[in-house]
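Asks: Kindly return the folded structure for what I paste below:
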Amino acid sequence: MAVNDIYDLIVIGAGPGGSAAAIKAAKAGLKTLIVEKDSIGGTCLNCGCIPTKALLHSSGIYRQAAGASAFGINCKPEIDESAIAEYRDKTVNSLVDGLRASLKASGAEVIFGTASIVSAGDTVTVSVTNSEGLSEYRAKNLILATGSETIIPDIPGVELDVVTDSDRLLKAAKLPESLVIIGGGVIGTEFASFFTDLGRKVTIIEGLPRILSGFDKEISRNAQMILKKRGADIHTGSRVTAISKAEDGSAVVVFETDGSENSVTAEAVMIAVGRKAVIELPDELGIKLKDGRIDTIGPGRTSVKNIFAIGDITSGQQLAHKASAQGENVVAGILDEDSYVCDEIIPACVYTSPEIACVGMTESEAEAAGIDVVSARALTSANAKSVLTGEERGFVKLVADRSKGILIGAQLMCANATDMIGELALSMSNAIVTIDDLNIVRAHPTYEEAIGDALKLLKQKM
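Replies: Next up, the predicted model:
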């Protein structure tokens, strides 16, 4: 067994968080090693965010082309599944190659294999098993960035070959003509948007009273209404009790709603009830967990002084950009620098059509926290850019602390919402920016003008 020199930092996991940490550390002159079990880029880049958004881009173009006659363009688009898959894979491979090049340019050493923590103390010892055997590496600091995996619920029949998850469906050679999605969160609604864009039959079965339950109620209602308008069948407050396979090879899903038993048949079933942290730690290490994730304080600090945790294995939202910010901040702390980036104000985005983007508190959350809250909503039905592009009806909702005169939350459901949310996140990250300071001149015609409209309404209420 090979034993190597001491590194300043070892990072386990080369997803968004681990890669960002390794690149920053290596560029700062720290001797850095990053260990990856599967593929550079992690879930987000290989079987999550990026391939999903590539598919949604393709399906969105198809939907727009199918409705192009409204703009004076007559055409009859055709779906080429192999070409869609080729575009998806080309996009992923290009970004993986770019990340690999960035890691190499930074000076970080990359090895592939399964990593395990052997011991901790003044230095941390990590073993890595791969095709070359077992090697041990020591470091002054260790960052755990091992990510998450799909939660597989305990449902009879969930092991059948007609059942899949988002990871496997993204790599499928052929897309199903009909699909039952168990779970109406972000992953479930994005896949529902993709399949309904292509004219496929989609059924969503969600256990909670509404889809996208973690978002503002108005967003949930609008998202459900639009998906239904596009052909999706949505059952909320429902529990799947069994999955079976019919004689013709199709999947039969049995579910209960308000005590009544129902069933739906489809070519495939996708599990999308959430993701759980991938954590394998020796008990003797003494790292504290909370609700199945690593308990951290400050910039990713665990209960062991030189072991840090970032990304999906820590509490809060499981988002790639949050993991990247955490990784950079942990390295800043190791270097005795101030935090590199604000990782407290984290936007959350859903790439349906129209897009959804939120940051900060909802009105109900602010009220529950005892804040003197005021909110205002501007519909995009009067926004010139939305009208001329024929976008679905949407809105921009802003939430403010009346006593302080500052923005504390924003919920957008409109075209380009995911690109517009950054302006609002920036203002919230600096609490000295008041509502008045945000009333800048916005170009016309742009989607962003809806933010200005919402600000004017908010100002009138304060």
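Asks: Packing partners of whichever strand or helix holds residue 455?
Replies: Taking DSSP states H and E as the criterion, residue 455 maps to helix 449-461. The contact analysis (3 or more CB pairs under 8 Å, 6 or more residues apart in numbering; DSSP states H and E) places helix 449-461 against strand 373-379, helix 384-389, strand 395-401, helix 417-429. Using the backbone N, CA and C atoms, a C-beta is placed for each residue, glycine as well.
Asks: Enumerate the positions of it that are buried.
Replies: For helix 449-461, the neighbour count (16 or more other CB atoms under 10 Å) marks 449, 450, 451, 452, 453, 454, 455, 457, 458, 459 as buried.
Asks: In TSV: those, plus pLDDT and distance to residue 179.
Replies: Below are those laid out as TSV (pLDDT from 0 to 100; distance: CB to CB, whole Å):
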residue	pLDDT	distance to residue 179
449	95	37
450	96	33
451	96	35
452	95	40
453	95	38
454	95	36
455	94	40
457	94	40
458	94	40
459	92	45
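Asks: Looking at those, which is nearest residue 368?
Replies: residue 458 (20.0 Å; CB to CB).
Asks: count of residues packed around the residue lying closest to the closest one once chain neighbours are set aside?
Replies: Among residues not flanking residue 458 along the chain, residue 376 sits closest, at 3.9 Å (CB to CB, 6 or more residues apart in numbering). Residue 376 has 19 neighbours, counted by other CB atoms under 10 Å.
Asks: quick one: low-confidence parts of the chain?
Replies: 1-4, 432 (pLDDT under 70).
Asks: longest helix in it, by residue count?
Replies: In the chain, with assignment by DSSP state H, the single longest helix is helix 81-106.
Asks: Which elements pack onto the next helix or strand after that one?
Replies: Next along the chain after helix 81-106, taking DSSP H and E as the criterion, comes strand 109-112. Secondary-structure packing of strand 109-112 (3+ CB pairs under 8 Å, 6+ apart): strand 32-36, helix 81-106, strand 124-130.
Asks: now with 7 Å?
Replies: Where contact means 3 or more CB pairs under 7 Å, 6 or more residues apart in numbering; DSSP states H and E, strand 109-112 is packed against strand 32-36.
Asks: At which residues are the strands of the stretch 251-400 of the chain located?
Replies: Using DSSP state E, counting those that start in this stretch, the strands assigned to the stretch 251-400 of the chain run over residues 251-257, 260-266, 268-271, 275-277, 289-290, 293-294, 307-309, 348-350, 355-360, 373-379, 395-401.
Asks: Tell me what angle the second one forms with strand 251-257.
Replies: When you say that, I think you mean strand 260-266. Orientation of strand 260-266 against strand 251-257 (axes from the mean of the first three to the mean of the last three CA atoms, to 10 degrees) gives an angle of 150 degrees.
Asks: got the buried residues for strand 260-266?
Replies: 264, 266.
Asks: can you pull the alpha-carbon coordinates of it into CSV?
Replies: The C-alpha coordinates for strand 260-266 follow below in CSV (Å, rounded to 0.1, in the frame of the first residue of the first chain):
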residue,chain,number,x,y,z
SER,A,260,-60.2,6.5,-2.5
GLU,A,261,-58.0,4.0,-4.5
ASN,A,262,-57.1,4.9,-8.1
SER,A,263,-54.7,3.6,-10.7
VAL,A,264,-52.9,4.9,-13.7
THR,A,265,-51.0,3.1,-16.5
ALA,A,266,-47.9,4.3,-18.3
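Asks: Residues contacting that strand, please?
Replies: 178, 179, 180, 201, 203, 246, 250, 251, 252, 253, 254, 255 (CB atoms under 7 Å, 6 or more residues apart in numbering).
Asks: Tell me which strands it pairs with, and in which orientation.
Replies: Strand pairing for strand 260-266, determined by DSSP bridges: strand 251-257 (antiparallel).
Asks: Any idea how many residues pack against residue 93?
Replies: Residue 93, neighbours per other CB under 10 Å, totals 12.
Asks: Check residue 393 too.
Replies: The tally of other residues near residue 393 (other CB under 10 Å) stands at 14.
Asks: residue nearest the centroid of this structure?
Replies: residue 319 (4.4 Å; CA atoms, centre = their mean).
Asks: which ones are touching that residue?
Replies: 346, 348.
Asks: let's see it at 10 Å
Replies: Residues near residue 319 by CB atoms under 10 Å, 6 or more residues apart in numbering: 16, 17, 44, 49, 186, 311, 312, 325, 346, 347, 348, 349.
Asks: tally of neighbours for the second one?
Replies: Each residue near residue 17 was counted by other CB under 10 Å, and the total is 35.
Asks: which stretch of helix or strand covers it?
Replies: helix 16-27.
Asks: which of the residues in that helix are buried?
Replies: For helix 16-27, a neighbour-count test (16+ other CB under 10 Å) marks 16, 17, 18, 19, 20, 21, 22, 23, 24, 25, 26 as buried.
Asks: Same question for stretch 146-157.
Replies: For stretch 146-157, burial by neighbour count (16+ other CB under 10 Å) applies to 146, 147, 148, 150, 155, 157.
Asks: Am I right that the third one is in contact with residue 317?
Replies: Meaning residue 148. No - with contact defined as CB atoms under 10 Å, residue 148 and residue 317 do not form a contacting pair (11.5 Å).
Asks: Walk me through the domains of this structure.
Replies: 2-149+276-334, 163-273, 354-461 (automatic domain parsing).
Asks: okay if I get those as CSV plus distance to residue 341?
Replies: Output for these, formatted as CSV (distance: least, CB to CB, whole Å):
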stretch, distance to residue 341
domain 2-149+276-334, 5
domain 163-273, 23
domain 354-461, 9
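Asks: Between these, which one is closest to residue 342.
Replies: That would be domain 354-461 among the domains of the chain, by CB to CB, at 4.4 Å.
Asks: Can you report how many residues neighbour residue 209?
Replies: 10.
Asks: does it sit in a helix or strand, and which one?
Replies: Applying DSSP H and E, one finds residue 209 in no helix or strand.
Asks: residues contacting it?
Replies: 217, 220, 236, 237.
Asks: Skipping adjacent residues, who's closest to the third one in space?
Replies: Take residue 236 and drop its neighbours on the chain: the residue closest to it by CB to CB, 6+ apart is residue 206, 4.8 Å away.
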